[in-house]
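>>> coordinates only, sequence not included:
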């Protein structure tokens, strides 16, 4: 179920291009990771070889976008004081981007692997919004 | 102000790559448009010529992403029954993508133009979520 | 057969980048769609699995270019008076881009589907040149 | 003036992606070069600094596309027998791509330079269609 | 001065795409960073406004490539045992990519800033080759 | 075996973007070609169909980068006096880029084909460094 739009939180602008514009949002990484997970599920339930080839091709692209959006957050949004306050942050990002790569969602068609990626992004998302409110 | 994460609506997966994966979200277009607006504001308050050149370059890219995300929604998410129910939808998307282009946010550094783009995306967003709940 | 170059119509410049430069030509979409069709034909006559994987990968890219070129025409070239004069134009573009996508040429390796895409582009091309001569 | 569509030569499909699909057409390079020329003209007649920055940014992209389309023709379409029959072909392509680069259309906002690029593409186009008819 | 090719070290293949292929080399980041530095120097010695706009545009692209190549090394090449042995590695990469971004080489046209980026890449390069020899 | 870093030749900056910045290095093409070769080897020793699809997809991208880096050298670095002194240069580049394309490394998963591409790049590399020392 979805809350009525009127109750939904308005995204507070923050910074995601390298001007920097100041608009960052982990939702960008999460949406691509949701896509990766759905592709795995569709792959598992469809044995047509052409469909499966397309699924692998497209999953590769979406997973690359996950990596990119996470790298941008790690380098451009998070600053030294954040890394001091959250010493696990470097490791979290390194694990999350590895989970999007060959040893994770790129190299697997198991929706559980994609879910682990989503869980890791959720951990980053939690810290992100804490730092925004600080 | 932002609601605690626990209360925030979970994005219901829907479809944004062309497998299709079934994950669509107008937030992708909106985040880029927020970036466009912030770039305009930063441009207006900074007269350094190198900064201004970078602002124009980067705004061009973010506005192009707005167009792309909107085009994907229009072609890939919305189906004939949606266009029947919302006859204004074609026009809305055409105006929104024009507002992201040369006659709108690409061709202007006025934050008000970027706000008009955001308003148009909000209209699309409203219809999008109505169709998701249907 | 091809007419001697001397008799061939010179492309009248019109506008395809978002300056806008004023150079538009549906030939860009059509050339990519011709490519899509040829890829389907080559796929059907070659059972080598590596070749077939490459065919699917490359068709995905060319079909994406078809969509992009069509979207640019729809948003950047066509103006409100055109949509008034040709009320079917929105639908034509929506159908054409869908025919290039997952429910059409991306999702199929049938050359007949690619031909339908080419036919739809030809309808757009006809209107385009009528508006150029007006 | 443009000939009625019915009289216009149908593009004979030939090969432009690297499957290869067999669809090549120098029109792809020419359309981008027309765009480059129009951008130069618009730049010269508009002194607004933001417009001029956008013109330089966009010209850079279109000129890069000219180079790419020409490189594809040179490597993928033309074969050893063509280079034997047209010994000037290597030089023509090298000059044409240089004319699209820093020492030509990228590094200049003079429409005459862009016209020289168009003339060079026309020379290549002439040879291309001779080889297609052979 | 350059050593004769015969004495130059042969690159030992290692891994840089996400298959992974096993070919990594910090030279990719360094070459782009050298480009960034040269662009700064050329910018400082040329006051032509069109040239300067092009310099800013192109520097943005090369600096983005620096970030990308570094991110790939950090996520794809380096493994947990490396981070244990070199606890400064996370920080080094975070600083290096920041030095390539808005607070560094993207946001500046000072060749000294680009040199700092090159120095940071050299530190990473040193560790990289130590781990390759291990 | 690798020489200690201290003995390794420092890359003499030269020019690889189209400002031009003056930084060119055939290592960029060679690193991507090494990747292509490794992908072929990994493909041959792994019969998992998903892995193989990914290998074909990624090889296509790396081979395209080989072509691009070689085209840049041919058009942007080498000048008329070079082509006079090395009349075989046009042919070498045409063959090398063909070897990276459909009739070579793109169209094959044989590591020997990729090695031929590497050998051809080595021939270009030799001439490149001779011209740098001249």
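It's in. Bear in mind the structure is a predicted one, so any value in this text is a computation, not a measurement.
>>> State the pLDDT value of the spatially most central residue of chain A.
The centroid of chain A falls nearest to residue A:29 when counting by C-alpha atoms, centre = their mean (2.9 Å). Turning to residue A:29, the model gives it a pLDDT of 97.
>>> what about it, distance to residue C:134?
Per C-beta to C-beta, to the nearest Å, residue A:29 is found 47 Å from residue C:134. For every residue, glycine as well, the C-beta is placed using N, CA and C.
>>> rewinding a little: which non-adjacent residue is nearest the residue nearest to the centre of chain A?
residue A:69 (3.8 Å; C-beta to C-beta, 6 or more residues apart in numbering or on different chains).
>>> buried set for stretch A:76-87?
Using 16 or more other C-beta atoms under 10 Å in any protein chain shown as the test for burial, stretch A:76-87 gives A:76-78, A:83, A:86.
>>> want to throw those into a markdown table with distance to residue D:33?
Converted to a markdown table, these look like this (distance: C-beta to C-beta, whole Å):
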| residue | distance to residue D:33 |
| --- | --- |
| A:76 | 36 |
| A:77 | 41 |
| A:78 | 44 |
| A:83 | 49 |
| A:86 | 52 |
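>>> ok, those residues vs residue F:36, which is closest?
Nearest to residue F:36 among these is residue A:76, at 32.0 Å by C-beta to C-beta.
>>> For chain A, give me the ranges with low pLDDT.
Counting by pLDDT under 70, chain A has low-confidence residues at A:1-16.
>>> residues from it in reach of chain C?
Within reach of chain C by C-beta under 8 Å from any C-beta of the partner chain, chain A has these residues: A:50-51, A:53-54, A:57-58.
>>> other SSEs contacting the helix or strand residue A:70 falls within?
Assigned by DSSP states H and E, residue A:70 belongs to helix A:49-72. Packing partners of helix A:49-72 (3 or more C-beta pairs under 8 Å, 6 or more residues apart in numbering or on different chains; DSSP states H and E): helix A:27-44, helix A:89-100, helix A:111-133, helix C:49-72, helix E:49-72, helix F:49-72.
>>> need the contact list for whichever residue of chain A sits closest to chain F.
In chain A, no residue comes nearer to chain F than residue A:56, which is 4.5 Å away by C-beta to the nearest C-beta. Under the criterion of C-beta atoms under 8 Å, 6 or more residues apart in numbering or on different chains, the neighbours of residue A:56 are A:43, A:109, F:50, F:53-54, F:57.
>>> now residue A:21
Going by C-beta under 8 Å, 6+ apart, residue A:21 touches A:15, B:34-36, B:38-39, B:42, B:58, B:62.
>>> Stretch A:99-107 and chain F in contact?
Yes: with C-beta under 8 Å from any C-beta as the measure, stretch A:99-107 is seen reaching chain F through A:106-107.
>>> Is chain B within reach of that stretch?
No: in terms of C-beta under 8 Å from any C-beta, no part of stretch A:99-107 sits within range of chain B; the closest distance is 12.7 Å.
>>> so how far is that stretch off the chain centroid?
Counting by C-alpha atoms, centre = their mean, to the nearest Å, stretch A:99-107 is centred 12 Å from the centre of its parent chain.
>>> Run through who's touching it.
With contact meaning C-beta under 8 Å, 6+ apart, stretch A:99-107 is reached by A:33, A:36, A:40, A:59-60, A:63-64, A:66-67, A:70, A:98, A:113-114, A:116-117, A:120, E:18-20, E:75-76, F:51, F:54.
>>> In ChimeraX, how would I select the buried members of those?
To isolate the buried members of these in ChimeraX, using 16+ other C-beta under 10 Å:
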select /A:33,36,40,59,60,63,66,67,70,98,113,114,116,117,120 /E:18,19,20,75,76 /F:51,54
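>>> so who does residue A:118 touch?
A:30, A:33-34, A:37.
>>> ok and the residue in chain A nearest chain E?
Nearest residue of chain A to chain E, counting by C-beta to the nearest C-beta: residue A:90, 3.7 Å away.
>>> Apart from its chain neighbours, what residue comes closest to that residue?
According to C-beta to C-beta, 6+ apart, the nearest residue to residue A:90 is residue E:90 (3.7 Å).
>>> ok so, going back, roughly how far apart are the residue nearest to residue A:29 and residue B:90?
Taken as C-beta to C-beta, the span from residue A:69 to residue B:90 is 31 Å.
>>> quick one on the thing from earlier: and the buried residues of stretch A:76-87, which two are furthest apart?
The largest separation in these, counting by C-beta to C-beta, is between A:76 and A:86 at 16.2 Å.
>>> still on that earlier bit, now tabulate the contacts of residue A:118 in JSON lines and tack on distance to chain F.
Compiled in JSON lines, the contacts of residue A:118 are given as follows (distance: C-beta to the nearest C-beta, whole Å):
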{"residue": "A:30", "distance to chain F": "23"}
{"residue": "A:33", "distance to chain F": "18"}
{"residue": "A:34", "distance to chain F": "21"}
{"residue": "A:37", "distance to chain F": "16"}
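>>> Dump those residues to JSON lines, plus distance to residue E:126.
Formatted as JSON lines, those follow (distance: C-beta to C-beta, whole Å):
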{"residue": "A:30", "distance to residue E:126": "36"}
{"residue": "A:33", "distance to residue E:126": "34"}
{"residue": "A:34", "distance to residue E:126": "40"}
{"residue": "A:37", "distance to residue E:126": "39"}
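>>> hang on, the earlier thing: could you give the number of residues near the residue nearest to residue A:29?
24 (other C-beta atoms under 10 Å in any protein chain shown).
>>> This completes my enquiry, with thanks.
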